[in-house]
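[1] missing the sequence, but the structure's below:
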DNA sequence: CGTAGTCGACGAACAGTGTTCGTAATCGCG
DNA sequence: CGCGATTACGAACACTGTTCGTCGACTACG
């Protein structure tokens, strides 16, 4: 029929990258739930079965999307002088990466994070902690701890954001209205059973996601430095010492 | 209600409670994904449509299940002498409640927590913090922070647990084998790009969920007490954290 | 230039999901 | 007993992820 010489084929070939691209843009515009193998195929002007030549299944697609997202996180060069600020910034950057790709956090919660980028982020976090004199075991667990928390925040924000887009089509459901609604919900609680909630309704609803996040990372870091000196369980103190000295943890 | 006459009707009446009961037992035995309106109806020997007379939709069912779960959490009487241990215990109890009902954590992640029991738990947590002299704003945000973290831990554990039940049917996939597999995964990473990961493979995989959770709640509480004194929007928690600990280098 | 073979594309179908409609059975009450 | 209100439920709708088998186009070799 046609000579496929001078021009590329009319129908652009399907690739994994194009699929992931489409998934991310669809997710960003219509939310995580709007991304299905069918809607994705429709977006790419093909059938659902075509996707499976490039993507094993839904879970792998989520992981590919995630990989893209975390790849955007800038990884710092550890500086012992300001390692604490670097840790905070890294956490902020991870959260921002999620927020820049709405819905990606929902993909993150469903899969075991064994991605390349995730490991790199963990490596970076642990390097920062070690630069701050934190014991390896504490650094490793702290890394686990923070990534879990950041993921949870991103996930909650993701759901919140999608709720906003799904209001009764009239108002975009501005923050103030929802805030007031939430405040009055706390104030209307039975004050004999929930006296504190009622009294602190204002305080409970104060602060947006950023405020709460900043508070949390402050607490986490303060807790790390406060407890890292004393946190050692007797039975693995030797392992920690060995690991921090020559880098090779001794067995037994 | 109660059975009116001498004998209950042959076919036991459907109630919201029976539905939630069935959902919880099904979830406990076969995992969260095994619970669908259809499988639930099958379990109750009826059709899917019948459930909708007692339960608005899937989301409400999840919320009802959650309410049951959190209702089991024992709420402490605040004691200023040992409020910190009480906070930790409360967090442990919340996690245990999730763990006692496998799959419930997955239901928790999908809904905005406006349940009765959730509010009670928050009330209790804030009361403990206030008993410890924490400022209301910090107490409120700390409550938010911890509940998010505990939920994330429970969720991750939930997924992990269900993965275990879905192995290749041969072995029950004991922890040791998975641990070794994970350790060697870290050790097999390209050591030029991930030197720390490779060196600390042992440390990374050390500790089960309980160890990590205990570490995290230690850090959170230490961070709360360390930063609560100075945390008043000046957000200079680091200064105080450094001041409370001698061996740590001061951050500029 | 022709043919064989490989591999990507894809329509159709399977088994499952949440949810709704209309109807049938049953219950409570007068 | 009879009637109105409530509950039960089969069938159907519009989805979901995934697989099978076929069809077409492109590649490589003779």
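    Thanks, I have it. Since the model is a prediction, treat every value here as computed from it, not as a measurement.

[2] so where do the helices sit in the stretch 151-252 of chain A?
    Using DSSP state H, counting those that start in this stretch, the helices found in the stretch 151-252 of chain A span residues A:175-187, A:195-199, A:201-205, A:209-228, A:237-246.

[3] Nearest to residue B:88 among the ones you listed would be which one?
    Residue B:88 lies closest, by CB to CB, to one member of those: helix A:209-228, at 12.5 Å. C-beta: built from backbone N, CA, C; applies to glycine.

[4] OK, contacts around the residue in the stretch 51-200 of chain A positioned nearest to chain B?
    Residue nearest to chain B within the stretch 51-200 of chain A (CB to the nearest CB): residue A:152, separated by 3.8 Å. With contact taken as CB atoms under 8 Å, 6 or more residues apart in numbering or on different chains, residue A:152 is in contact with B:148-149, B:151-152, B:155.

[5] sorry, back to before: buried deepest among the helices of the stretch 151-252 of chain A, which one?
    Highest mean neighbour count of these: helix A:209-228, a mean of 23 (counted as mean count of other CB atoms under 10 Å in any protein chain shown).

[6] is any part of that one close to chain B?
    Yes: counting by CB under 8 Å from any CB of the partner chain, chain B is contacted by helix A:209-228 at A:211-212, A:214-216, A:218-227.

[7] by contact count, what packs against that helix?
    The contact analysis (3 or more CB pairs under 8 Å, 6 or more residues apart in numbering or on different chains; DSSP states H and E) places helix A:209-228 against helix A:83-100, helix A:136-165, helix B:136-165, helix B:209-228, helix B:237-243.

[8] now those in TSV, with mean pLDDT and distance to DNA strand C?
    Shown next, in TSV, are the helices and strands packed on helix A:209-228 (pLDDT from 0 to 100; distance: least, CB to the nearest atom of the strand, whole Å):
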stretch	mean pLDDT	distance to DNA strand C
helix A:83-100	97	26
helix A:136-165	92	15
helix B:136-165	92	15
helix B:209-228	95	28
helix B:237-243	41	43
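
[9] Tabulate those helices (CSV), appending distance to residue B:100.
    Shown next, in CSV, are these (distance: least, CB to CB, whole Å):
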stretch, distance to residue B:100
helix A:83-100, 31
helix A:136-165, 20
helix B:136-165, 11
helix B:209-228, 14
helix B:237-243, 35
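
[10] Out of those helices, which gets nearest to residue A:29?
    Comparing the helices and strands packed on helix A:209-228 against residue A:29 with CB to CB, the closest turns out to be helix A:136-165 (9.7 Å).

[11] what angle do that closest one and helix B:209-228 make?
    Interaxial angle of helix A:136-165 relative to helix B:209-228 (axes from the mean of the first three to the mean of the last three CA atoms, to 10 degrees): 80 degrees.

[12] List the buried residues for helix A:136-165?
    A:136-159, A:161-162 (16 or more other CB atoms under 10 Å in any protein chain shown).

[13] hmm, back to that, so which of the residues of helix A:209-228 next to chain B is the closest to chain B?
    For the residues of helix A:209-228 next to chain B, the closest approach to chain B (CB to the nearest CB) belongs to residue A:223, at 2.7 Å.

[14] Quickly note the distance from that closest one to residue B:190.
    Here the distance between residue A:223 and residue B:190 works out to 33 Å (CB to CB, to the nearest Å).

[15] Return the nearest residue of the stretch 51-200 of chain A with respect to DNA strand C.
    Taking CB to the nearest atom of the strand as the measure, the stretch 51-200 of chain A has residue A:53 as its residue closest to DNA strand C, at 4.6 Å.

[16] Now the closest residue to that residue other than its chain neighbours: phi and psi?
    By the measure of CB to CB, 6 or more residues apart in numbering or on different chains, the closest residue to residue A:53 outside its immediate chain neighbours is residue A:14, 7.3 Å from it. Main-chain dihedrals, residue A:14, degrees, to the nearest 10: phi -80, psi 130.

[17] wait, isn't residue A:14 in contact with residue A:49?
    No: Residue A:14 is beyond contact range of residue A:49, at 11.1 Å (criterion: CB atoms under 8 Å).

[18] Compare neighbour counts for these two and give me the winner.
    Applying other CB atoms under 10 Å in any protein chain shown to residue A:14 and residue A:49 shows that residue A:14 carries more neighbours, namely 18 against 9.

[19] quick one: pLDDT of the more buried one?
    Residue A:14 carries a pLDDT value of 89.

[20] what do you get for residue A:171?
    51.

[21] burial measure for the nearest residue to residue A:106 once chain neighbours are set aside, as a count.
    Leaving aside its chain neighbours, residue A:106 sits nearest to residue A:32 (4.3 Å; criterion: CB to CB, 6+ apart). Neighbour count for residue A:32, taken as other CB under 10 Å: 21.

[22] my read: residue A:32 touches residue A:108, true?
    No: counting by CB under 8 Å, residue A:32 stays clear of residue A:108, with 10.4 Å between them.

[23] The residue of the stretch 51-200 of chain A closest to DNA strand C: helix or strand, and which one exactly?
    For residue A:53, there is no enclosing helix or strand under DSSP states H and E.

[24] which residue packs closest to residue A:126, ignoring adjacent ones?
    residue A:139 (4.7 Å).

[25] what's the distance between the one you found and residue A:215?
    22 Å.

[26] what do you get for residue A:180?
    Distance from residue A:180 to residue A:215, by CB to CB: 22 Å.

[27] which residue packs closest to residue A:155, ignoring adjacent ones?
    residue A:105 (4.4 Å).

[28] number of nearby residues for the one you found?
    With other CB under 10 Å as criterion, residue A:105 counts 26.

[29] and the helix or strand where it lies, does that touch DNA strand D?
    According to DSSP H and E, residue A:105 maps onto helix A:104-108. No: Helix A:104-108 lies out of reach of DNA strand D by CB under 7 Å from any atom of the strand, never closer than 11.2 Å.

[30] for stretch A:54-64, which positions count as buried?
    Residues of stretch A:54-64 classed as buried: A:54-55, A:61-64 (neighbour count, 16+ other CB under 10 Å).

[31] is it possible to export the residues you listed to CSV including secondary structure and pLDDT?
    Listed next are the buried residues of stretch A:54-64 as CSV, based on DSSP: H, G, I helix; E, B strand; the rest coil; pLDDT from 0 to 100:
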residue, secondary structure, pLDDT
A:54, coil, 96
A:55, coil, 96
A:61, helix, 96
A:62, helix, 95
A:63, helix, 95
A:64, helix, 95
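
[32] Closest to residue B:19 out of those?
    residue A:62 (31.0 Å).

[33] who are the neighbours in contact with the closest one?
    By CB under 8 Å, 6+ apart, the contact set of residue A:62 is A:107-108, A:110-111.

[34] likewise residue A:41?
    Applying CB under 8 Å, 6+ apart to residue A:41 gives the contacts A:47-48, A:50-51.

[35] restrict the residues you listed to those near DNA strand D?
    Contacts with DNA strand D within those, counted by CB under 7 Å from any atom of the strand: residue A:48.
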